[in-house]
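Peer 1: My questions concern the predicted model and sequence given below.
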Protein chains: 2
Amino acid sequence: MISVVLLGTGNVSQNLYSAFSGAKGVEVEQVVGRSAQLPDFIGDTTNYTNDFNKILAADVYIIAVSDNAISEVSLALKKGDGIVVHTSGATSMEILSSHQNRGVFYPLQTFTKGKMLSFETIPICIEASADNHLQQLEHLGKTISNNVLEINSEKRNSLHVSAVFANNFTNYLYALAEEICVAQNLDFSILKPLINETAAKIASMSPKKAQTGPAKRGDLETVHSHLQTITDKHQREIYILLSNAIKEQHGKEL
Amino acid sequence: MISVVLLGTGNVSQNLYSAFSGAKGVEVEQVVGRSAQLPDFIGDTTNYTNDFNKILAADVYIIAVSDNAISEVSLALKKGDGIVVHTSGATSMEILSSHQNRGVFYPLQTFTKGKMLSFETIPICIEASADNHLQQLEHLGKTISNNVLEINSEKRNSLHVSAVFANNFTNYLYALAEEICVAQNLDFSILKPLINETAAKIASMSPKKAQTGPAKRGDLETVHSHLQTITDKHQREIYILLSNAIKEQHGKEL
């Protein structure tokens, strides 16, 4: 049985709490938060504290807080025998250097307030300062996920960059698509089956091969007709930049 | 029973053929293609021709060809009583002006070679030159889809622009994410659960509200660290432009 203390009460912590609570071989000993009151998501049988002097002994301390708070929480946490890990894609393991036993436990997923995801398919990227700790983190990861991977800080940084493209930027394109719909009194939900299929398509096909659209085809007439209807500055800039990049990738000049 | 002649043998035509073949109240009388041989996807009991002089009488003629071929196919098709429609998001109905009875039957989806989709949730955007034809197209659409919408050419053009953002550009971001992974010997499939959840999230949440990431948070440190790892020109340009646009949308300057 691996014992865990979760530090933080945000989306990642809530999701981990929920996943560990339903898993075998792991027990959440305690949750540590800022609030004096017990947060809603924590069951009555779980110890909760907002006092860093009352943190219980555990095998793994998971700092699941926003990137800019990791250092502060890490320094406030007393040195012990357990492994101290953070859950950040963009942060080096060395931010935890005050702890001899340190690591990373990064679930590569986007978490939403109040929406508990199944961790089964969520990749958990682990890193540790020693082999035996890596094994323990692997063991912990496997209690909730079928996809636990050792990824060092440098590779994790690249993975995080690619996640920004695939998640943050993609979501922003959805937001622009919604803006365009709203401006024409069109219901954005008309686009949802298309959005789902766009994501589903690459399950079995490389996105480069899946590319379609006027820019890919070199269909200048449609590109120009689109640019006539796009009046928003950001939308135009993004339309032009991405269309040119697609053209270049597919070997034709607009 | 509505009778249909399908002109074209590409992904859209194949998907419509498959959907109509499994639907009640509609019959595909004939498929018209360029090839002298019967294309694989057509059943033995369906009439096939590559001769425009042998086109059968039907209620609806669906021109499902690439945008730049619509005009040619339309002009080659003899004038008759049936309604002539195209399936293009980016093309005005008036390209069919040589036919008195004309319309648009635009399934808003991305179709892949050999992958037959269920049309049930696919929005079909219809437009017609007369009310009774509109009703007939609505009737036809409803044989395969629960989401048939009257959309005029102007709105359809905007819908197509937003579909380019939500589908073509999104797919290109997936391709960039794949490039970044490949350059670091990382398996792109690690990102697939994230990509699926990014799309799934907006089923119940506006994308503007769902926005996350360093640009949204104003996390300059992470943005700069990412820019240090991105060496590719296109990736950098797109990273900077989209990050700035997200910041501006969310009220902070980078």
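Peer 2: Arrived safely, thanks for sending.
Peer 1: Which residues of the stretch 1-150 of chain A lie near chain B?
Peer 2: A:66-68, A:90, A:108-110, A:112, A:115, A:117, A:121-123, A:125, A:147, A:149 (CB under 8 Å from any CB of the partner chain). From N, CA and C alone the C-beta is placed, and that goes for glycine too.
Peer 1: Show me the two of these that sit farthest apart.
Peer 2: A:N68 and A:T121 (29.2 Å; CB to CB).
Peer 1: what's the strand or helix carrying A:L227 packed up against?
Peer 2: Assigned by DSSP states H and E, A:L227 belongs to helix A:220-229. Contact partners of helix A:220-229 among helices and strands, from 3 or more CB pairs under 8 Å, 6 or more residues apart in numbering or on different chains; DSSP states H and E: helix A:214-217, helix A:233-249, helix B:153-163.
Peer 1: Quick one: closest of those helices to B:I246.
Peer 2: helix A:233-249 (9.7 Å).
Peer 1: residues touching A:S145, list them.
Peer 2: A:P107, A:F119, A:E120, A:T121, A:I122, A:P123, A:I124 (CB atoms under 8 Å, 6 or more residues apart in numbering or on different chains).
Peer 1: can you list the weak-confidence ranges in the stretch 151-254 of chain A?
Peer 2: Within the stretch 151-254 of chain A, the stretches with pLDDT under 70 are A:252-254.
Peer 1: if I look at A:K233, how far off is A:L7?
Peer 2: 43 Å (CB to CB, to the nearest Å).
Peer 1: related to what we said a few turns ago, mind listing which of the contacts of A:S145 are in strands?
Peer 2: Among the contacts of A:S145, the members falling in strands are A:P107, A:I124 (criterion: DSSP state E).
Peer 1: which of the contacts of A:S145 count as buried?
Peer 2: A:P107, A:F119, A:I122, A:P123, A:I124 (16 or more other CB atoms under 10 Å in any protein chain shown).
Peer 1: how big is the angle separating the helix holding A:L227 from helix B:153-163?
Peer 2: 100 degrees (axes from the mean of the first three to the mean of the last three CA atoms, to 10 degrees).
Peer 1: so which residue of the stretch 51-200 of chain A comes closest to chain B?
Peer 2: Residue nearest to chain B within the stretch 51-200 of chain A (CB to the nearest CB): A:N168, separated by 3.2 Å.
Peer 1: Apart from its neighbours in sequence, what residue is nearest that residue?
Peer 2: Nearest residue to A:N168, sequence neighbours excluded (CB to CB, 6 or more residues apart in numbering or on different chains): B:G213, at 3.2 Å.
Peer 1: List phi and psi for A:H250.
Peer 2: Here is the backbone geometry of A:H250 (degrees, to the nearest 10): phi -100, psi 20.
Peer 1: quick revisit: closest one to B:K201 out of the contacts of A:S145, please.
Peer 2: Among the contacts of A:S145, and counting by CB to CB, the member closest to B:K201 is A:I122, at 14.1 Å.
Peer 1: Any idea how many residues pack against the closest residue in space to that closest one that isn't next to it in sequence?
Peer 2: Leaving aside its chain neighbours, A:I122 sits nearest to A:Q109 (4.7 Å; criterion: CB to CB, 6+ apart). By the criterion of other CB atoms under 10 Å in any protein chain shown, A:Q109 has 23 neighbours.
Peer 1: A:Q109 belongs to a helix, doesn't it?
Peer 2: No. Under the criterion used here (DSSP: H, G, I helix; E, B strand; the rest coil), A:Q109 is coil, not part of a helix.
Peer 1: any idea of the pLDDT on it?
Peer 2: With respect to pLDDT, A:Q109 scores 97.
Peer 1: That one is in contact with A:L117, isn't it?
Peer 2: Yes. Between A:Q109 and A:L117 there is a contact under CB atoms under 8 Å: 6.5 Å.
Peer 1: Contact partners for the residue nearest to A:G103 when sequence neighbours are not counted?
Peer 2: Sequence neighbours aside, A:A128 is the residue nearest to A:G103 in space, at 3.7 Å (criterion: CB to CB, 6+ apart). A:A128 makes contacts with A:I83, A:V85, A:M93, A:R102, A:G103, A:V104, A:L134, A:Q136, A:L137, as judged by CB under 8 Å, 6+ apart.
Peer 1: ok and the helix holding A:L227 relative to helix A:233-249, angle-wise?
Peer 2: Using the same axes, to 10 degrees: helix A:220-229 against helix A:233-249 is 170 degrees.
Peer 1: Next, the residues that contact helix A:220-229 from outside, please.
Peer 2: A:214-215, A:236, A:239-240, A:243, A:254, B:67-68, B:90, B:157-158, B:160-161, B:164.
Peer 1: For the residues you listed, which two are the farthest from each other?
Peer 2: Maximum distance among those (CB to CB): 24.1 Å, for A:R236 and B:N68.
Peer 1: in chain A, which residue is closest to the centre?
Peer 2: A:Q109 (3.5 Å; CA atoms, centre = their mean).
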